[in-house]
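**Student:** Sequence plus predicted model, see below.
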Amino acid sequence: MKKKILIGLTREELESFAQELGEPAFRGRQLYTWLYQKRAADFEEMSDLPAAWRLKLAEVSKIGTLGLSRPAKETRDGSQKFLFELSDGLRVESVYLPDSPGETVCISSQVGCALGCHFCATAKMGLFRSLTAGEIVLQVLEVEGHCQTQLTNVVFMGMGEPLHNYENVVAAVRLLADPQGIGLSARRITVSTVGLVPGIERWMKDDPPAKLAISLHATTDERRAELMPVNKAYPLEMLFKTLRRFAHVTKDPVTFEYIMIEDFNDREEDVDNLANWLKNIPAKMNLIRLHPTGSGLKPSSDEAIDRFMGWLTEAGIRSTLRQSRGIEDEAACGMLFTQEPFKPTKVRAWERT
């Protein structure tokens, strides 16, 4: 008999599971606390559960774990990249970033990605499959265990497009943010998307306890489409119309991620374009250095980035430059890659949202 994996189940699902095994619903709530709040790794740790039921749990279920395909090594900047193996043999990467600020983990939502962004190593893999809510949450719990820390920040900026795996990502976010579970602040969970408009609209309606960040990277449709094929389906006019509603509904500033590429998106005219797009949107630009991924693109120089940030300030646009972490272990933004390339279905990812 195949054992039931418990990590990823909600409180209500664990209550039902307990009742299926002949126990009252409150045993499921106890189980929920042990799994998520107390981070139990073994049923024997669950001291307030009857011994007979702990034995029964071990017979029919397991807590859940991810295999570690290689020991994580600490880089000079303190980051660590984890290569996790899933139950079907596929692999995903997660990156631990201490003092960034706080204890942060960058996690994946899919094995590979179908969106084909030109600057991203993960895109070269194609899409193998989406992760379950349990596989997403387990990345957080496993990194905590291996690093002997309690994480304060989770960013969905690893492999995959989170809104292409909407249901599982939102389920994982709710588990991560539950005060009676893992207990992370909703302000410290960030989900990054390339701008899947139907997913953003759904996010506004469902209001998950996390922040949404938009990967922008260019200021005209022509140039953004060169980098990100998704722009052909959801051009900038459509995206920013949706984001104006998003800002109005959420009352939060919108964070934009912007990879700095030499003579492509670091020009003064790009700042002028941004100023036009960002009208009526409280926003912050999170600038990112382009990392080596075999894209053939050139990163903006430090001087060009400083100049660009000065122009943004003059235009009244807030900006920060993200510190590059883990480059030596190919753990920085856009560098995650775990499988041989795979030819995904010809149906475009944005048509399946």
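**Tutor:** Good, I have the coordinates.

**Student:** Centroid-nearest residue for the chain?
**Tutor:** For the chain, the residue nearest the mean C-alpha position is F156 (1.0 Å; CA atoms, centre = their mean).

**Student:** Could you pull up the contacting residues of it?
**Tutor:** F156 sits next to 107, 109, 162, 169, 189-192 when contact means CB atoms under 8 Å, 6 or more residues apart in numbering. No exception for glycine: its C-beta is placed from N, CA and C like everyone else's.

**Student:** Can you flag which of those belong to helices?
**Tutor:** Of these, the ones assigned to helices by DSSP state H are V169.

**Student:** With neighbour count, distance to K56 and pLDDT as extra columns, can I get the contacts of F156 in a markdown table?
**Tutor:** Shown next, in a markdown table, are the contacts of F156 (neighbours: other CB atoms under 10 Å; distance: CB to CB, whole Å; pLDDT from 0 to 100):
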| residue | neighbour count | distance to K56 | pLDDT |
| --- | --- | --- | --- |
| I107 | 31 | 32 | 97 |
| S109 | 27 | 33 | 97 |
| P162 | 32 | 36 | 97 |
| V169 | 28 | 32 | 98 |
| I189 | 21 | 34 | 97 |
| T190 | 21 | 39 | 96 |
| V191 | 22 | 37 | 97 |
| S192 | 22 | 41 | 96 |
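
**Student:** Closest one of the contacts of F156 to F264?
**Tutor:** F264 lies nearest to S192 out of the contacts of F156, by CB to CB, at 20.5 Å.

**Student:** Quick check: the closest one vs K251, distance?
**Tutor:** S192 sits 20 Å away from K251, taking CB to CB, to the nearest Å as the criterion.

**Student:** On the three-state scheme, the most far-flung residue of the chain relative to its centre is what?
**Tutor:** Relative to the centre of the chain, the most outlying C-alpha is that of A52, 39.0 Å out, by CA atoms, centre = their mean. Under the three-state scheme (DSSP: H, G, I helix; E, B strand; the rest coil), A52 adopts helix.

**Student:** Tell me how far it lies from T122.
**Tutor:** A52 sits 46 Å away from T122, going by CB to CB.

**Student:** on that earlier part again, is the residue nearest to the centre of the chain in a bridge, and if so with what?
**Tutor:** Beta-bridge partners recorded for F156 (DSSP bridges): V191.

**Student:** Give me the below-cutoff pLDDT ranges for the stretch 251-353 of the chain.
**Tutor:** For the stretch 251-353 of the chain, applying pLDDT under 70 flags the ranges 292-295, 324-353.

**Student:** Mind doing that once more with 80?
**Tutor:** Along the stretch 251-353 of the chain, segments meeting pLDDT under 80 span 291-296, 322-353.

**Student:** As a check, name the ranges of all helices in it.
**Tutor:** Counting by DSSP state H, counting those that start in this stretch, one finds helices in the stretch 251-353 of the chain at the ranges 268-277, 302-314.

**Student:** I figured A275 was touching A315, is that so?
**Tutor:** Yes - the pair A275 / A315 is scored as a contact, 4.6 Å apart, by CB atoms under 8 Å.

**Student:** Which other helices and strands does the helix or strand that E222 is a member of contact?
**Tutor:** Using DSSP states H and E, E222 falls within helix 221-227. Packed against helix 221-227 by the contact rule (3 or more CB pairs under 8 Å, 6 or more residues apart in numbering; DSSP states H and E) you find helix 230-233.

**Student:** on contacts alone, who are the packing partners of the helix it packs on?
**Tutor:** Counting by 3+ CB pairs under 8 Å, 6+ apart, helix 230-233 packs on helix 221-227.

**Student:** How about the helix it packs on, which residues are buried there?
**Tutor:** Within helix 221-227, the residues scored as buried using 16 or more other CB atoms under 10 Å are 223-225, 227.

**Student:** Looking at the residues you listed, which one is closest to D99?
**Tutor:** L227 (30.7 Å).

**Student:** that older thread, how about CSV for the helices of the stretch 251-353 of the chain, with mean neighbour count and distance to D48 added?
**Tutor:** As requested, the helices of the stretch 251-353 of the chain are exported to CSV (neighbours: other CB atoms under 10 Å; distance: least, CB to CB, whole Å):
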stretch, mean neighbour count, distance to D48
helix 268-277, 16, 55
helix 302-314, 15, 54
